[in-house]
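[1] need a 3D model of the following:
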Amino acid sequence: MASTTQVANPWEHRRWRGGVCRRGLGGKAIAFWITGLVFGGVAAAIILKDPSIVQYSRFRWEMLFPVGFATIGLGFGIGALIATARWLRFGRCLVRLQTMPGVIGGHFRGELLLPESFPRDTDVRMELFCDETATTPAAGSDNHSSTSVSRKWTNNILVSSKMTSRRGGHCIVPFDFTIPYGLVDETDSHRNGNITIDVRWNLRTFAKLNGPDLDITYRVPVFRTAESDPSVSGEPEHRDLDSLLRDTGELRRVRIESTNGVPAYVCDSRSMKKGLSVWPLIIGIVFLTIAVAVPCVALPGMVKDIVPKKADGWENLFLVVPLFFALIPCIIALAFGLFGLLLLWIGLHSLVSRRTWVQSGTIHQRNSLFGIPWRRSYPCNTAASVEIGDTTSSGTRTWRSIVIRRNTGTGDRVTLRHILGSITVATDISTQEEAESLCAKLRQDLRLPADADGLHS
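    Residues are numbered from 1 along each chain as shown. I've put the predicted structure just below:
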């Protein structure tokens, strides 16, 4: 490993001035605002340059360009609002170090300073980890560099709310990590041929809250120093924080609570934070708007050109041609309308908060959408299976839903009543293991045989 003598005191960097680690959350919010304003400005500029694009007398395909830019700008605007809310809530959170720097083969101690309004009964999870990032530049016809990250070491702790204190207008969360000897630090960053190896130590803080969660990662100074003790072995390596949070239920879509003395499966609308509900709603509304706007703009002009015309005999056949072209905007409107309704249903379906429980031979469910509640119940003997239903994919990630299928009666005929009678217990479950575990518990509550679960992806 490279010697620390390459730099006199590498931890005396301005990013850690005064033993304080900060994270600028405002930069992301500002970037979202600027990007949203740019797209909105482009849409406004197109309309101002040629106002006839949006005139109602005739349809012009060019109007889709300002609509597209305006939609993208609206999306970035919503992201800006979310980022601004997080910035206003946690923008002043910082880490104040008691050991400067953290010592490899020693301790890393300090305090996390949170707003004084931080809930008093909330625990904070903290993870200290070291990542080694290898960056390979583009070669040949490949214009993109490749990056791989390997976790060299990680450890996480749970700071109980009883250990926190409040003074100076802050909620102070203390922490103390033991770092084993022999790990790498930032001075070990180097180049291996054309590959760049970068080493960084980070401290991640997490707490599940109402509204924006506390989830901030700080770059922290952890180095080998003269105080490094080869005898310090530290605690064994733990799983990363995301895996731990999934296992403890803090990142799960579904939690289990008690209702009327029995377990209830609670599926809330926290997926809004990941855009799983918001984006389908926005895009669905945009598509429905286009579905309404296209015929309203295009058909009046076409009908006006056709109706006054009169012809005799075979010349009437020529009127069929403009009628045929008049069907095009109707087909476009139908396609946009159906797709918009589908996306609107997906968004609303994910926004529903559900509480499902089984009691006295009956499946009970209490739902809420935008604060509007409704209830429903079915006899348990109508439940035929518990399934992993529809899935939604984005890139390499997939979200699953859990559905209780009801008996469809004899024969293969499935009526609309049976389709609408299916009970959605949860949506947007991120892991197959969690979905299968939930299905197994529900199957046990409903007293269904093990081979009647109907699991499928």
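[2] C-alpha from now on. contacts and neighbour counts both.
    OK.
[3] what ranges does the stretch 301-450 of the chain have for its helices?
    In order along the chain, the stretch 301-450 of the chain carries the following helices (DSSP state H, counting those that start in this stretch): 320-351, 416-420, 432-445.
[4] tell me the mean pLDDT for the second one?
    For helix 416-420, mean pLDDT is 57.
[5] one more: the first one?
    The pLDDT scores in helix 320-351 average 81.
[6] the helices of the stretch 301-450 of the chain: which one's closest to V386?
    helix 432-445 (5.9 Å; CA to CA).
[7] and the closest one, what's buried?
    Burial within helix 432-445, assessed by neighbour count using 16 or more other CA atoms under 10 Å, is assigned to E434, A435, E436, L438, C439, A440, L442, R443, D445.
[8] cool, stretch 367-384 as well?
    Neighbour counts using 16+ other CA under 10 Å place N367, S368, Y378, C380, T382, A383, A384 of stretch 367-384 among the buried residues.
[9] so which of those comes closest to I256?
    Closest to I256 out of the buried residues of stretch 367-384 is N367 (15.5 Å), distances taken as CA to CA.
[10] picking that back up, out of the helices of the stretch 301-450 of the chain, which gets nearest to A134?
    Distances from A134 to each of the helices of the stretch 301-450 of the chain were compared using CA to CA; the shortest belongs to helix 432-445, at 30.2 Å.
[11] I'd like to know which elements the closest one is packed against.
    Packing contacts for helix 432-445, counted by 3 or more CA pairs under 8 Å, 6 or more residues apart in numbering; DSSP states H and E, involve strand 383-394, strand 397-406.
[12] CA atoms only for that helix, dumped as CSV, please.
    Written as CSV, here are the backbone C-alpha positions of helix 432-445 (Å, rounded to 0.1, in the frame of the first residue of the first chain):
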residue,chain,number,x,y,z
GLN,A,432,-38.9,-11.5,-4.8
GLU,A,433,-38.0,-12.8,-1.4
GLU,A,434,-40.3,-10.3,0.4
ALA,A,435,-43.1,-11.0,-2.0
GLU,A,436,-42.9,-14.8,-1.5
SER,A,437,-42.7,-14.3,2.3
LEU,A,438,-45.8,-12.2,2.2
CYS,A,439,-47.6,-14.7,0.1
ALA,A,440,-46.7,-17.5,2.5
LYS,A,441,-48.0,-15.6,5.5
LEU,A,442,-51.3,-14.7,3.8
ARG,A,443,-51.7,-18.3,2.6
GLN,A,444,-51.3,-19.4,6.2
ASP,A,445,-53.9,-16.8,7.5
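[13] how big is the angle separating it from strand 383-394?
    When axes from the mean of the first three to the mean of the last three CA atoms, to 10 degrees is applied, the directions of helix 432-445 and strand 383-394 differ by 170 degrees.
[14] pLDDT (mean, whole number) over helix 432-445?
    The predicted model assigns helix 432-445 a mean pLDDT of 86.
[15] report the angle between that helix and strand 397-406.
    On the basis of the same axes, to 10 degrees, helix 432-445 is oriented at 10 degrees to strand 397-406.
[16] and L281, how close does it get to R17?
    45 Å (CA to CA, to the nearest Å).
[17] what do you get for V38?
    V38 sits 35 Å away from R17, going by CA to CA.
[18] likewise G182?
    26 Å.
[19] ok, the two, which is more surrounded?
    Here G182 and R17 are compared on neighbour count by other CA atoms under 10 Å; more neighbours surround G182, at 15 against 11.
[20] show me the contacts for that one.
    G182 sits next to I104, G105, P230 when contact means CA atoms under 8 Å, 6 or more residues apart in numbering.
[21] in JSON lines, list these along with secondary structure, pLDDT and neighbour count.
    Shown next, in JSON lines, are the contacts of G182 (DSSP: H, G, I helix; E, B strand; the rest coil; pLDDT from 0 to 100; neighbours: other CA atoms under 10 Å):
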{"residue": "I104", "secondary structure": "coil", "pLDDT": "90", "neighbour count": "26"}
{"residue": "G105", "secondary structure": "coil", "pLDDT": "89", "neighbour count": "23"}
{"residue": "P230", "secondary structure": "coil", "pLDDT": "87", "neighbour count": "12"}
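[22] from those residues, pick the one nearest L348.
    I104 (50.1 Å).
[23] I'd guessed that closest one sits against P230; true?
    No - applying CA atoms under 8 Å, one finds I104 not in contact with P230, separated by 9.1 Å.
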